[in-house]
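Participant: requesting a structural model of the entry that follows:
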Amino acid sequence: MSPKTVVAVERARLLEASMSRRDDPSAAVSEPRVITNAGVDEGVPPELLQPDNRQHLADRTHQEAS
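Facilitator: Numbers count the residues shown, from 1 in each chain. Below you'll find the model as predicted:
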């Protein structure tokens, strides 16, 4: 899958999970998730990556498009 597809799938999964939590008021509210040391191949949405990892993902995506 392309990186954009992976990100889109992950966002859809997170959105679905958040919507199902709204339907279940007994579900515990979790803290915001911050990914500190995730690899860019793990399908982590870029907005959750640390700035260095986000730049690496952008550079790599640009290289793959070339």
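Participant: which stretches of the chain have low pLDDT?
Facilitator: For the chain, the stretches flagged by pLDDT under 70 are 20-51, 53-57, 66.
Participant: could you name the helices and strands sitting against the top helix by length along it?
Facilitator: Using DSSP state H, we find that the single longest helix of the chain is helix 3-23. Applying 3 or more CB pairs under 8 Å, 6 or more residues apart in numbering; DSSP states H and E, we find helix 3-23 packed against helix 51-65. Quick note: C-beta positions are derived from backbone N, CA and C, even for glycine.
Participant: pull out the buried positions in the longest helix of the chain.
Facilitator: If you call a residue buried by 16 or more other CB atoms under 10 Å, then helix 3-23 has these buried ones: 3, 6-7.
Participant: from those residues, which is closest to D52?
Facilitator: Set against D52, the nearest of the buried residues of helix 3-23 by CB to CB is P3 (16.9 Å).
Participant: separation between that closest one and T61?
Facilitator: 5 Å (CB to CB, to the nearest Å).
Participant: which member of the buried residues of helix 3-23 is positioned nearest E16?
Facilitator: Looking across these and measuring by CB to CB, the closest to E16 is V7, at 15.0 Å.
Participant: before we move on, the earlier item: what would the buried residues of helix 3-23 look like in CSV with distance to E16?
Facilitator: Putting those into CSV (distance: CB to CB, whole Å) gives the following:
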residue, distance to E16
P3, 20
V6, 16
V7, 15
